[in-house]
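Chemist: based on what follows, work out the 3D shape:
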Amino acid sequence: MKLYQVDAFTNEIFKGNPAAVCPLKKWISEDLMQAIAEENNLSETVFFVNNKSQFEIRWFTPSCEIDLCGHATLAAAHIIFTELNYKEKTLTFSSKSGILTVEKNVDWYTLNFPSEEIKEIITPQILKDALNVSILKTFKGKWKLLVLLENEEVVKNLTPNFSKLTELEAPGIIVTSKGTKTDFVSRFFAPKIGINEDPVTGSAHTLLIPFWAKKLVKNSLEAIQLSKRSGFLKCTYLNERVEMSGQAKTYLKGKIII
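Modeler: All right, here's what the predicted structure looks like:
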């Protein structure tokens, strides 16, 4: 089985978010996909099957399958365009989160995903204890919390208590603030599903883009995820959909022997 590793949302090796990409001719068992993802030990391993007019896609962390992953979708598209000789400008994925498209424009890829609405909640005490910084507001999406902090410096220097974060009902925690050089910045933590900090998180931006577009009253935005590896995204708010554009670099080409 072919295996690729791609650094997504960056134009440099060793930056952005690494994802393992496994093209399949037909689906293999969920147990085997999960075992491969655990062995790869990256935040995401993505599998896809070419189904004539579109590609079926699934994403696995080292511990479970998830419904949506942005950086691994970008990584998969990068491999389809660069290694599998896909000739069209736009490709379509069918997934547990519906239809997703990726358009290639030179060395940039634009992902079109469903946007996710959030509602403000009272900040849980566990979250206050885990982050140990001043929290301006907390919002809840489907399975993520969005936490608004004072400024970029606070987001950058945050050192969460990951053990306490696992006590929250929501498995994903986004912290964000207005940026100094970009419209907004963020970080993403998901220790409950085996990822203390994800370097660049496309699915988090399905909440972040609508939030900041409304807050800043602008539909085109630029964002940086302030992880150690960091990542840059160009974002567009389209009401029920969002677009996020990024670059990608292939790090590894190999074969899995099972």
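Chemist: ends of stretch 164-172, what's the gap?
Modeler: Using C-alpha to C-alpha, to the nearest Å, one end of stretch 164-172 lies 13 Å from the other.
Chemist: buried ones in it?
Modeler: Applying a neighbour-count criterion of 16 or more other C-beta atoms under 10 Å, one finds Lys164, Leu165, Thr166, Leu168, Ala170, Pro171, Gly172 buried in stretch 164-172. Quick note: C-beta positions are derived from backbone N, CA and C, even for glycine.
Chemist: residues contacting the third one?
Modeler: Meaning Thr166. Contact partners of Thr166, counting by C-beta atoms under 8 Å, 6 or more residues apart in numbering, are Pro191, Lys192.
Chemist: what about it, distance to Ile66?
Modeler: To Ile66, Thr166 is 16 Å away according to C-beta to C-beta, to the nearest Å.
Chemist: and the second one, by the same measure?
Modeler: When C-beta to C-beta is the yardstick, Leu165 and Ile66 sit 17 Å from each other.
Chemist: quick check: domain ranges of the protein?
Modeler: Domain ranges of the chain: 2-105+247-255, 119-239, per automatic domain parsing.
Chemist: mind checking how far the shortest one is from the chain centre?
Modeler: A distance of 12 Å separates the centroid of the chain from that of domain 2-105+247-255, by C-alpha atoms, centre = their mean, to the nearest Å.
Chemist: dump the domains of the chain into TSV; add mean pLDDT and distance to Asn112 as well.
Modeler: Output for these, formatted as TSV (pLDDT from 0 to 100; distance: least, C-beta to C-beta, whole Å):
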stretch	mean pLDDT	distance to Asn112
domain 2-105+247-255	97	5
domain 119-239	97	8
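Chemist: export those to TSV and tack on distance to Leu111?
Modeler: Compiled in TSV, these are given as follows (distance: least, C-beta to C-beta, whole Å):
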stretch	distance to Leu111
domain 2-105+247-255	5
domain 119-239	6
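Chemist: burial check on Glu240, number of neighbours?
Modeler: 9 (other C-beta atoms under 10 Å).
Chemist: if you could redo that for Ile80, that was the one I meant.
Modeler: Residues lying near Ile80 (other C-beta under 10 Å) number 21.
Chemist: for it, what is the enclosing helix or strand?
Modeler: Element membership of Ile80, judged by DSSP states H and E, is helix 70-82.
Chemist: could you identify the helix or strand that succeeds that helix?
Modeler: Later in the chain than helix 70-82, the nearest helix or strand by DSSP H and E is strand 90-95.
Chemist: what residues does the helix or strand following that next one touch?
Modeler: Sequence order places strand 98-105 as the next helix or strand after strand 90-95, per DSSP H and E. Outside strand 98-105, the residues within contact range by C-beta under 8 Å, 6+ apart are 54, 57, 73-74, 77, 81, 89-94, 109-114.
Chemist: buried subset of those residues?
Modeler: Here, 16+ other C-beta under 10 Å leaves 54, 57, 73-74, 77, 81, 91, 93-94, 109-113 buried among the contacts of strand 98-105.
Chemist: tell me the one of the residues you listed nearest Leu208?
Modeler: Comparing the buried ones among the contacts of strand 98-105 against Leu208 with C-beta to C-beta picks out Phe113 as the nearest, at 11.7 Å.
Chemist: the closest one: which element?
Modeler: Here Phe113 sits within strand 108-114, counting by DSSP H and E.
Chemist: what pairs with that strand, and is each one parallel or antiparallel?
Modeler: strand 98-105 (antiparallel), strand 241-246 (antiparallel) (DSSP bridges).
Chemist: identify all contacting residues around that strand.
Modeler: With C-beta under 8 Å, 6+ apart, strand 108-114 has contacts from 68, 70, 73-74, 77-78, 81, 97-98, 100-103, 202-203, 206, 234, 238, 240-248.
Chemist: got the angle for it vs helix 70-82?
Modeler: Angle, strand 108-114 to helix 70-82, by axes from the mean of the first three to the mean of the last three C-alpha atoms, to 10 degrees: 130 degrees.
Chemist: what's the first helix or strand after strand 108-114?
Modeler: That would be, after strand 108-114 and using DSSP H and E, strand 119-121.
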